[in-house]
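Peer 1: Sequence and predicted model, in that order:
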Amino acid sequence: MVARRIALVKPASVIEEKITHALQLFDSILWAFQGTTRSTWTLVAPETAEVIVVHEGDPDERIGAWRASGKLIVEISVRDRASSAAALVYPFKASEVLALLERLDGPLNSQTDPQRENRSPDSGVPRQSQEPWSFVETLRTIGEVQNAEAWLIARDAKVPCLWLRADGAVYVAEQSTIEAIRRGTLNLASLNLQKAVPPERGPGPQPGSELSWFAGYHASAELAPWLKPTVRYRVNRWPNFGLIRPLPAHIRVAATLTSAPARVDEIAVRAHVSAEEATRTLNALAVANVVVAAGDEAAPARSSGLPAVGSRGGFATFLSNVRRHLGLRM
Amino acid sequence: MTPDQELKIVFTGPMGAGKTTAIRAISDVPPVSTEVDNSDRTACDKESTTVALDYGQLLLEDGTAVRLYGTPGQERFGFMWEILCSGAMGVVLLIGGSSSTALADLSSYAQTFQRLNPDQPLVIGVGRATCADGRQLDAYAAALASRGIVAPVFDVDVRRREDVLLLIETLLCILEAQVPEAEHAAR
Amino acid sequence: MQPASERFPPHILESIQRQLAEFVAANPGVTLAVLTSGDGFEVAAHPHMPIAQRIAAMSSSLQALSEAILREAGLSRSRNLIIESDGGTIVVLGIPDTSPRLSLAVVASGSEILGRLLWATRSCCAALGRSLQA
């Protein structure tokens, strides 16, 4: 297998968030499909890369020099597909990226350096993506590809950590790893995903929705790049909490956003959670693909007939008593 | 606060879905049952069937009692559904996921109870789902959404108390979210 | 689903139907008599009316609830279930020695005297029980 070197170059000043997302997506796809392409693509600095991925129209003066030195320049656009001549237009599918990489083999083969051929796929700097959302983006990409036949293995350094079916529907891991994923003590962004044989008999499969939920929840204390603090969101479908086994606060936030749309700061107040909890849970709900922007209208919370327990303040006490009685965490 | 809501939670669903089991999992008193011999084993292969209701209770420390009712599953006892659900805090709908009529049951029951009381919180638990990856329930949730029903649909095993508690906790959170914002600010 | 009536041999069912007709004819205040399975199916009714099916289901629910309340109260098995209103009376009695259990639900207008209604219904139940043993 031939080893190729590729670099991703962000514009010096990012005008649109989409540009960052597009490059992150490309990065995630490279990561997710390591070992499945004809050549092995390793992320390196532009100076040593054979292929450099840039944003269409990036005024970076180095691009001309790179082109002149024989490096292949791949442009990614975030404009309308019809008006762009770029190689890839965001949002692009994994299959488009893989096809592009296959096409690049031709021109690169014509520049072949005999010393580069047959290099071990493990040579070059092992790529580790430290973008907090990279693993989440990878899971999203995998979910779109829908390949239930293949398996991927995630390694932390070189240690196998978890096996993920290539459609993202189930994963297999030791109980300690599952608990670390749920607690957020496993740095998912540092994992390397590669094609692998199915796991041997061992722990039963866990739902992929649990992995993606907690990956989304623990990815960052900041709002995800595709969410905005000024937008009101609502839940249009409940996540399957029977599989996810959420924390009590997660259920409260989901209930709040089902009842009425809310901004992230409003969620904290209505669901009686901290600002960070509101942010992380909204992130997780977005990763689960169950939130939509509700527009700018302020929808008041619905008032309904509540159980007759005296005063409204009594209702809060009643809920507290029921929760305590059933041993539910508050 | 309107006095027309009562401290009761109703468990409903087709025969054999686990209503009696769910109530037994959390009731503080041995549940009262109205089970009789099932003469129609083709409809459901169970020896007995509920013909009126199951009854359990949560007895809170301050003396408040929350009543737990299980409805009969069969449609000929549909008159009991309206009687029992009237004024309830919320409804827990249990569906057997391995049944060939699971999706039809889900749609039918959900639409019936939404029609009886559109604002009443509804939480759905699906037992013995055939897919471990949740795809079956994704289809169920989508089917409900196409009918304008946004309700929680969870994989559960009501023989496990923690699963029944998940359904109850979700019901409580939905109720809590319905408290107007002024009340939240006042707390 | 097999109708509850089809679980009995035709000659038994004919006998039951005849006895219900005779019972209603002999008691002018009675407007409906329904033989019900324990789980709420109509076995036979006279006269044949659409509400007979609902009466069957409801009477089995009431019967089961009455058994439950008697158990809670530490009392023995239900003998009669009586619902009295300004317009009439409903009584539900068990058919003796039947397994699975059958009941007779009788709807009567206000003109029927309760004591007489109970006596007549009890006699009908005993006769039905003997027919079902045959």
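Peer 2: That came through fine. Since the structure is predicted, the reported quantities are computational estimates derived from the model, not experimental observations. Numbering: from 1, shown residues only, chains lettered A, B, ... in the order given.

Peer 1: so where is chain B shaky, pLDDT-wise?
Peer 2: By pLDDT under 70, the low-scoring segments of chain B are B:1-6, B:130-133, B:180-187.

Peer 1: mind listing the strands for it?
Peer 2: Counting by DSSP state E, chain B forms strands over residues B:8-12, B:35-37, B:48-50, B:54-59, B:65-70, B:90-96, B:122-127, B:153-156, given from the N-terminal end onward.

Peer 1: Identify whichever of the ones you listed lies nearest to chain C.
Peer 2: Of all those, strand B:35-37 sits nearest to chain C, with 4.2 Å by CB to the nearest CB. For every residue, glycine as well, the C-beta is placed using N, CA and C.

Peer 1: Which residues outside that closest one are in contact with it?
Peer 2: Outside strand B:35-37, the residues that touch it by CB atoms under 8 Å, 6 or more residues apart in numbering or on different chains are B:20, B:47-51, C:38-39, C:60, C:64, C:100-101.

Peer 1: do that again at 6 Å, thanks
Peer 2: Counting by CB atoms under 6 Å, 6 or more residues apart in numbering or on different chains, strand B:35-37 makes contact with B:48, B:50-51, C:38-39, C:64, C:100, all of which sit outside it.

Peer 1: among the residues you listed, which two are most distant?
Peer 2: Across those, no pair lies farther apart than B:50 and C:100, at 15.1 Å, counting by CB to CB.

Peer 1: who has more neighbours, the two?
Peer 2: Neighbours of residue B:50 and residue C:100, each counted by other CB atoms under 10 Å in any protein chain shown, are more numerous for residue B:50; the result is 25 against 12.

Peer 1: so what's that one up against?
Peer 2: Going by CB under 6 Å, 6+ apart, residue B:50 touches B:34-35, B:72.

Peer 1: And it, how far from residue B:110?
Peer 2: According to CB to CB, to the nearest Å, residue B:50 stands 20 Å off from residue B:110.

Peer 1: again, but for residue C:109
Peer 2: Taking CB to CB as the criterion, residue C:109 is separated from residue B:110 by 41 Å.

Peer 1: would TSV of the contacts of residue B:50 with distance to residue A:76 and neighbour count be doable?
Peer 2: Formatted as TSV, the entries for the contacts of residue B:50 read as follows, by distance: CB to CB, whole Å; neighbours: other CB atoms under 10 Å in any protein chain shown:
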residue	distance to residue A:76	neighbour count
B:34	67	24
B:35	65	19
B:72	61	29
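
Peer 1: need those residues in CSV with distance to residue A:62, can you?
Peer 2: CSV is the format used below for those (distance: CB to CB, whole Å):
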residue, distance to residue A:62
B:34, 81
B:35, 79
B:72, 75
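
Peer 1: And for the residue lying closest to residue A:154 once chain neighbours are set aside, the neighbour number?
Peer 2: Nearest-residue entry for residue A:154: residue A:191, 4.1 Å, with adjacent residues in sequence omitted and distances by CB to CB, 6 or more residues apart in numbering or on different chains. The tally of other residues near residue A:191 (other CB under 10 Å) stands at 21.

Peer 1: and residue A:191, how far is that from chain B?
Peer 2: Look at residue A:191 and chain B: by CB to the nearest CB, to the nearest Å, they are 21 Å apart.

Peer 1: Check the residue located most distally from the centre of chain C and give its pLDDT.
Peer 2: If you look at how far each residue of chain C sits from its centre, by CA atoms, centre = their mean, the farthest one is residue C:74, at 24.8 Å. The confidence metric pLDDT takes the value 93 at residue C:74.

Peer 1: same check, this time on residue A:111
Peer 2: Looking at residue A:111, its pLDDT is 61.

Peer 1: How about the contacts made by residue 20?
Peer 2: Since you didn't name a chain, this refers to chain A. Going by CB under 6 Å, 6+ apart, residue A:20 touches residue A:14.

Peer 1: not what I meant, chain B
Peer 2: Contact analysis of residue B:20 by CB under 6 Å, 6+ apart lists B:54, B:70.

Peer 1: re earlier: return the most buried member of the strands of chain B.
Peer 2: Per-stretch averages of neighbours, counted by mean count of other CB atoms under 10 Å in any protein chain shown, single out strand B:153-156 among these, with a mean of 27.

Peer 1: chain center to it: distance?
Peer 2: For strand B:153-156, the distance from its own C-alpha centre to the chain's C-alpha centre is 12 Å (CA atoms, centre = their mean, to the nearest Å).

Peer 1: Quick one: the helices in chain B, in order.
Peer 2: Taking DSSP state H as the test, the helices found in chain B are B:19-26, B:78-85, B:102-116, B:135-146, B:161-177, B:181-186.

Peer 1: pretty sure residue A:219 contacts residue A:134?
Peer 2: No - taking CB atoms under 6 Å as the contact criterion, residue A:219 and residue A:134 are not neighbours in contact, 8.9 Å apart.
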